[in-house]
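Student: how would this look folded up:
(chains A and B)
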Amino acid sequence: MFAYVVRRLIAAIPVLIIASFLAYALVALSGDPLEPLKLRNPPAPPRTIELETQRLGLDDNIFARYGHWLWGVLHGNFGESVQSSYDIGANLARSSVVTLRLVFVAMLLALVLAVLTGVLSAVRQYSKFDYTTTFLGFVFLAMPSFWIAIVLKDFAVRYNKATGTTVFYTIGETSQNYENLSAFGKFADVAGHLVLPTISLALISYAAWSRYQRAAMLEVLNSDYVRLARAKGLTWRKVLVKHVLRTALIPLVTVTALDIAAILGGAVITETVFNWNGLGRMLLTGVSRADTNAVAGWLLLAGLVVIAFNVIADVLYAVLDPRIRHD
Amino acid sequence: MTFRSKGIAVAVASLLAITACAGSEGTPTEELLGFDSCAKTPLTCNTGETKAGGTMVYYEEQDIATWNTVGADGGHYATSVMMGGLIPNVYYGAPDTKPGLNTDLVVEEPKVTNTNPQTIVYKIKPEAVWSDGTPITADDFDYAFRARNTRDCPDCGTSSSSGYDILASVVGTDGGKTVTATFQPGKVFPDWKSLFGELYPAHIAKAAGDDKTPAGLAKSWTAFGKTQPTWSGGPFMIESYAQGQQLVEVPNPKWWGKKPSLEKIIFKIVTDQSSFVPALQNGEINAGDPQPNLDMVTQVQNLQGVNYRVAGGLSWEHIDLNLQNKFLKDKALREAIFKAIDVQGIISRTVGTFWKEAKPLMNHNFTPESPYYKDVVSDTGAGKADVEGAKQVLTAAGYTGVGTALKTPKGEAVTLRFRHTEGNVNRAATAELVQATLKQLGINMTIQTTNTLGATLDSGDFDMIVYAWVNTPFFFQGAEQLWGKDSDSNYGHWVNPEADAVLKSGVQAGLDEAKGADLLNQANALMAKDYYVLPLFQRANFMVSKSDYVNIRPNSTSTGPTFNTEEWGLKATAN
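Tutor: Sure, this is the predicted structure:
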């Protein structure tokens, strides 16, 4: 297994390099980061434009620029940002923590809800519960994540207004006075800020995952070995938990691992709407400023996360299904 | 930074007296509250007594870009707004779009003591000090001069060297409290009030790098950009900063002017415009000047306890023609195009959707808020949607296929390419409307977007293009730069020796502002008759504040509303 994981990781390196170069080139060619400077009124001195061109390495060709950037990354330096006071590496690290907290909690919520409703829907196929969760699943599947986020914000504002409290927050990760709060106050503040974006992000994944879980459960429930297990006298609960659920989780693990890129994409939108200063903000700001180094750093990180989750999924297959072993 | 207390006190007293004499309903103070009167009294609207304490959470759409607001990557509006309470200046952009004198920093209006060489004398207040107690002196003026003139420090990138590049010297006397700035002989800089608008502390620069050498100057100048200021020369100073989240400012204990009422100002970075209204409703922000759109303005209009104002800003949209294009070299075609375009129709489809008072702009140098604004466009017939008149011009000039498939007198089919910035909805709508108009003349116009506007303009890769310029209270340098024959920003290559001569004489005469402005208008009228640039409209400026905050006012200049943060406060009568 260890050798397999190492092989997978080594194989990912050329993929990452090619993908990061393409991303780098696309961003570099998509806009001129010095455009605001060039269009100033009164104009910036030519020497200033020259200095900025040199600082950002814009006078090199795209291959040389990418080479410098990659060499820097290998040495822990993500290069100069269009905004001189902006430390790309430090921001990647800080933003990752913010986003991963959101993504982790949202994924956990979505998985728990998806497994629960998927199992119950399958076990009680064509019941009122099944019809209700099916309907809701399709509703959430059809809704764009930004729309769900806006509806949730509207609900939050109305709730706070009606109760005269501030239970839910619509912008940011914490309040302005966070540092002055007690331990419980800090917990409540973080929770108040986390709840809406988490629900918003979780609902999208939940909708798809619950459908996968339901389908997988139904397939396993109707298989011969389940009937055999029941015929041999095993309790329904034991059959369900030990034989059906474990097998039916394999497709969900695959989907979850593959969906991580989509979830990160969803997080970009969710973070934007709820004004979280995470990876989503970093990407959008980088693209709007034509900040090639920042965007390339972001994409490299996203690529690493996707590869890591795919490897984790492979490992989980083996854990869930004893028939699968990676030699 | 600051609209000073002394000036405001006189103005408010006058207004109070007038309103009291008029015997109007309500107390005089109540009549000054809110933004309703800002159109007529931009310097004194929303004036009120404050009570001590309170926090203002101010919405900002962008993060701090650099701590050096005039460094190579400086010149960002949001950064200037957030740093407005820290950085001392002699003049700032006031809400009436004129230069406002910072009477906290200087004893009196700086004097032009000589015209050749042009010499300006500034007298700094004796009590003016940085937050560490070091006096603000001529050294700080001299540091700005040497860092920005591009000669003493070639590697000090600056967002603008205008004026500094023709200054010869900056000398301090009276213990550094009198500053004499002398220009090079024969050089005139009518926009001298734009100088020393952002003063950085020279004593801190010295600590960062040897200020006697170009390398040392560059080191300190760059350090100002990368280092969060622990210093202040204004009413507030930075308490904390969380990148991408918020900048927290508290009163500067060494501030010598009017003591701020607020305990804290928090600039909350909110990059998603749609978050503005919910956050305002939810009490997470108290004020802001976001980029407006129809949804936002409509929602704000329906809120209780909120002051808001939509008005014209200093940024203005226009359509430029490339006079090097083989078709557009012909003045008759240009005249026909400009006459046929429906500027009011464009406004109705764009900015007019949320700003009902929007009108066509009729000047290339001034907006209607300026006392020098003069209509130089109407007489040319441009922008009036006069398709029939345009057809007559073309027919008279020998064009054929007018209204069907336009051909030049030599028989060549007229085709044009209109460019606009990718993703800009208003400009896309403008392009489509112009396309439909030109079709009525028989012109086949294609639309092509660009995501590199600067490069497109620089290379002249357009026949027609729509974009915006931003005016400033210091208008001479802008006029010369935008319309001068030899200017790099004359992207359409317009040449009119007569207009150029008048423009130059206007700049030369600029020390007499009214005379200089009149000459600029004369040059502008000549340009309008050449049908080169068609002004469309001012972009809207939007200011919103909870009504329990007073003395906060809309300011469409690049200084922004934070020019008087020491006066901001919670209304004394508010519950």
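Student: What about the closest residue to B:D96 other than its chain neighbours, how many residues nearby?
Tutor: Among residues not flanking B:D96 along the chain, B:P42 sits closest, at 4.7 Å (C-beta to C-beta, 6 or more residues apart in numbering or on different chains). The C-beta positions use only the backbone N, C-alpha and C, and glycine is treated the same way. Number of residues near B:P42 (other C-beta atoms under 10 Å in any protein chain shown) recorded here: 21.
Student: Now do the SS call for B:P42.
Tutor: Assigned by DSSP: H, G, I helix; E, B strand; the rest coil, the conformation of B:P42 is coil.
Student: How about the contacts made by the closest residue in space to A:W209 that isn't next to it in sequence?
Tutor: Using C-beta to C-beta, 6+ apart and skipping residues adjacent in sequence, the residue nearest A:W209 is A:A114, 3.6 Å away. Going by C-beta atoms under 8 Å, 6 or more residues apart in numbering or on different chains, A:A114 touches A:S205, A:Y206, A:W209, A:S210, A:Y212, A:Q213, A:L252.
Student: redo that, cut-off 6 Å
Tutor: A:Y206, A:W209, A:S210, A:Q213 (C-beta atoms under 6 Å, 6 or more residues apart in numbering or on different chains).
Student: Name the nearest of these relative to B:G100.
Tutor: When the contacts of A:A114 are ranked by distance to B:G100 (C-beta to C-beta), A:Y206 comes first, at 55.7 Å.
Student: Check the gap between that closest one and A:T174 for me.
Tutor: 26 Å (C-beta to C-beta, to the nearest Å).
Student: So for those two, which sits in the more crowded spot?
Tutor: The neighbour comparison of A:Y206 against A:T174 (other C-beta under 10 Å) goes to A:Y206, with 28 against 18.
Student: Tell me which residues touch that one, please.
Tutor: By C-beta under 6 Å, 6+ apart, A:Y206 lies in contact with A:A110, A:L113, A:A114.
Student: Give me the nearest residue to residue 176, chain neighbours excluded.
Tutor: Let's take chain A. Sequence neighbours aside, B:I266 is the residue nearest to A:Q176 in space, at 5.0 Å (criterion: C-beta to C-beta, 6+ apart).
Student: wrong one, chain B
Tutor: Nearest one to B:G176, counting by C-beta to C-beta, 6+ apart, is B:T137 at 3.0 Å.
Student: A:A302 now?
Tutor: Spatial nearest neighbour of A:A302, chain neighbours left out: A:L264 (5.9 Å); criterion: C-beta to C-beta, 6+ apart.
Student: what about that neighbour, neighbour count?
Tutor: Residues near A:L264, counting by other C-beta under 10 Å: 20.
Student: Am I right that it sits in a strand?
Tutor: No. Assigned with three-state DSSP, A:L264 falls outside any strand and is helix.
Student: how about the residues of the stretch 51-200 of chain B that lie near chain A?
Tutor: Counting by C-beta under 6 Å from any C-beta of the partner chain, the stretch 51-200 of chain B comes close to chain A at B:65-67, B:72-73, B:75, B:150, B:154, B:157-162.
Student: For these, give me a markdown table that also has pLDDT and secondary structure.
Tutor: Output for these, formatted as a markdown table (pLDDT from 0 to 100; DSSP: H, G, I helix; E, B strand; the rest coil):
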| residue | pLDDT | secondary structure |
| --- | --- | --- |
| B:A65 | 83 | coil |
| B:T66 | 88 | coil |
| B:W67 | 93 | coil |
| B:A72 | 85 | coil |
| B:D73 | 80 | coil |
| B:G75 | 79 | coil |
| B:T150 | 91 | coil |
| B:P154 | 92 | coil |
| B:G157 | 89 | coil |
| B:T158 | 90 | strand |
| B:S159 | 86 | coil |
| B:S160 | 87 | coil |
| B:S161 | 90 | coil |
| B:S162 | 89 | coil |
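Student: count of residues packed around B:Q304?
Tutor: Counted with other C-beta under 10 Å, B:Q304 comes out at 6.
Student: Let's verify it: helix, strand, or coil?
Tutor: Under three-state DSSP, B:Q304 comes out as coil.
Student: what's the neighbour count on B:S556?
Tutor: So B:S556, with other C-beta under 10 Å, has 28 neighbours.
Student: what sits against it?
Tutor: Shown in contact with B:S556 (C-beta under 6 Å, 6+ apart): B:G313, B:L314, B:N541.
Student: what about the nearest residue to the first one once chain neighbours are set aside, which helix or strand?
Tutor: Which is B:G313. Sequence neighbours aside, B:N541 is the residue nearest to B:G313 in space, at 3.5 Å (criterion: C-beta to C-beta, 6+ apart). Following DSSP states H and E, one finds B:N541 within strand B:533-546.
Student: Could you do B:V170 as well?
Tutor: Here B:V170 is assigned to strand B:167-173, by DSSP H and E.
Student: do A:D314 as well
Tutor: With DSSP H and E as criterion, A:D314 is part of helix A:292-320.
Student: beta partners for B:S169?
Tutor: Counting by DSSP bridges, B:S169 forms beta bridges with B:T182.
Student: Wait, it touches B:T182, no?
Tutor: Yes. Contact criterion C-beta atoms under 6 Å: B:S169 and B:T182 qualify, at 5.1 Å.
Student: of the two, who's got more company?
Tutor: Shown here are B:S169 and B:T182; by other C-beta under 10 Å, B:T182 has more neighbours (17 against 13).
Student: The more buried one touches B:T119, doesn't it?
Tutor: Yes. B:T182 lies in contact with B:T119 (C-beta under 6 Å); the separation is 4.9 Å.
Student: so where do the strands sit in the stretch 101-250 of chain A?
Tutor: Remark: strands of the stretch 101-250 of chain A are absent; assignment by DSSP state E, counting those that start in this stretch.
Student: Next to chain B, which bits of it? Give me the list.
Tutor: Applying C-beta under 6 Å from any C-beta, one finds that the stretch 101-250 of chain A approaches chain B through A:K153, A:V157, A:N160, A:T170, A:I171, A:Q176.
Student: try 10 Å
Tutor: By the rule C-beta under 10 Å from any C-beta of the partner chain, the part of the stretch 101-250 of chain A lying against chain B is A:146, A:149-150, A:153-154, A:156-161, A:166, A:168-179.
Student: rewinding a little: where do the contact lists of B:S169 and B:T182 overlap?
Tutor: Residues within reach of B:S169 and of B:T182 at once, by C-beta atoms under 10 Å, 6 or more residues apart in numbering or on different chains, are B:P117, B:T119.
Student: Stretch A:187-198: which residues count as buried?
Tutor: Buried residues in stretch A:187-198, counted by 16 or more other C-beta atoms under 10 Å in any protein chain shown: A:D189, A:V190, A:G192, A:H193, A:L194, A:V195, A:L196, A:P197, A:T198.
Student: do stretch A:25-40 as well
Tutor: A:25, A:27-28, A:31-40.
Student: Output these as JSON lines; include the columns secondary structure, pLDDT and distance to chain B.
Tutor: Formatted as JSON lines, these follow (DSSP: H, G, I helix; E, B strand; the rest coil; pLDDT from 0 to 100; distance: C-beta to the nearest C-beta, whole Å):
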{"residue": "A:A25", "secondary structure": "helix", "pLDDT": "91", "distance to chain B": "15"}
{"residue": "A:V27", "secondary structure": "helix", "pLDDT": "86", "distance to chain B": "11"}
{"residue": "A:A28", "secondary structure": "helix", "pLDDT": "88", "distance to chain B": "12"}
{"residue": "A:G31", "secondary structure": "coil", "pLDDT": "80", "distance to chain B": "5"}
{"residue": "A:D32", "secondary structure": "coil", "pLDDT": "85", "distance to chain B": "5"}
{"residue": "A:P33", "secondary structure": "coil", "pLDDT": "88", "distance to chain B": "9"}
{"residue": "A:L34", "secondary structure": "coil", "pLDDT": "88", "distance to chain B": "7"}
{"residue": "A:E35", "secondary structure": "helix", "pLDDT": "83", "distance to chain B": "4"}
{"residue": "A:P36", "secondary structure": "helix", "pLDDT": "81", "distance to chain B": "8"}
{"residue": "A:L37", "secondary structure": "helix", "pLDDT": "82", "distance to chain B": "7"}
{"residue": "A:K38", "secondary structure": "helix", "pLDDT": "81", "distance to chain B": "4"}
{"residue": "A:L39", "secondary structure": "coil", "pLDDT": "78", "distance to chain B": "5"}
{"residue": "A:R40", "secondary structure": "coil", "pLDDT": "75", "distance to chain B": "6"}
